[in-house]
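> Task: produce atomic coordinates for the following.
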Amino acid sequence: MKRTAAPAVLAALVLALLTACGGGSGAASGDRADDTPAPVPSVSFAAPERAAAPAAYQKLTRGEVRLEQGPFTDRVQVTGGSLGAGAAVTGHLAVTSDVSELIALELRAAYYDADGRLLGTGSFQYAEEGHDEHKGGHTPAAEGAGIDFEIAPKALTGTPTSAVLSIPVLVNE
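Coordinates of the predicted model:
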């Protein structure tokens, strides 16, 4: 007796699949014409993560400016990094991976005292468009041999003796 029920269940299943897959015509297939493609679902990507906060403790030698290893450090060369007057970190960054023009750059500096305690941070941003809005009218040169930078600290809690640089943003063509 169960054999006679199996064809009926199978027939109902096939009918349900055909109806669900749009196998019918007219009103069963919706109001779209047969040649109109189905709408494509939107896709969104997660926003890039912000750079990690600087380490609360870094034991560096007096006057040292260290470049922290990160995703862009193999593509650049930082030279002349020094901790100058007013605790600003100055230096020169050149892209070494290719000769394309620099479009956007962000450098961050974390400032430390002689005991390795974090005193504060500062940042430098460069964007190809609108780059003439830097403080003091200084316009960094992004073409050719690289870009000069100066990173002034914000609200230090002491006198820094060293700094660690990081590169959270580097975009070139």
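
> Please could you give me each C-alpha atom of the helix or strand hosting residue 122, formatted as PDB?
Here residue 122 sits within strand 118-127, counting by DSSP states H and E. Provided in PDB are the C-alpha atoms of strand 118-127 (Å, rounded to 0.1, in the frame of the first residue of the first chain):
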ATOM      1  CA  LEU A 118      53.600  56.600  25.600                       C
ATOM      2  CA  LEU A 119      53.200  60.400  25.800                       C
ATOM      3  CA  GLY A 120      51.000  61.100  22.800                       C
ATOM      4  CA  THR A 121      50.600  60.800  19.100                       C
ATOM      5  CA  GLY A 122      50.500  62.900  15.900                       C
ATOM      6  CA  SER A 123      49.800  62.300  12.200                       C
ATOM      7  CA  PHE A 124      50.600  63.600   8.800                       C
ATOM      8  CA  GLN A 125      48.200  63.200   5.800                       C
ATOM      9  CA  TYR A 126      48.900  63.900   2.200                       C
ATOM     10  CA  ALA A 127      46.300  63.700  -0.700                       C
END
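
> next SSE after that strand?
Later in the chain than strand 118-127, the nearest helix or strand by DSSP H and E is strand 147-151.

> and the gap between the nearest residue to residue 61 once chain neighbours are set aside and residue 124?
For residue 61, ignoring the flanking residues on the chain, the nearest one in space by C-beta to C-beta, 6 or more residues apart in numbering is residue 162 at 6.8 Å. Bear in mind the C-beta positions are built from the backbone N, C-alpha and C, glycine included. To residue 124, residue 162 is 18 Å away according to C-beta to C-beta, to the nearest Å.
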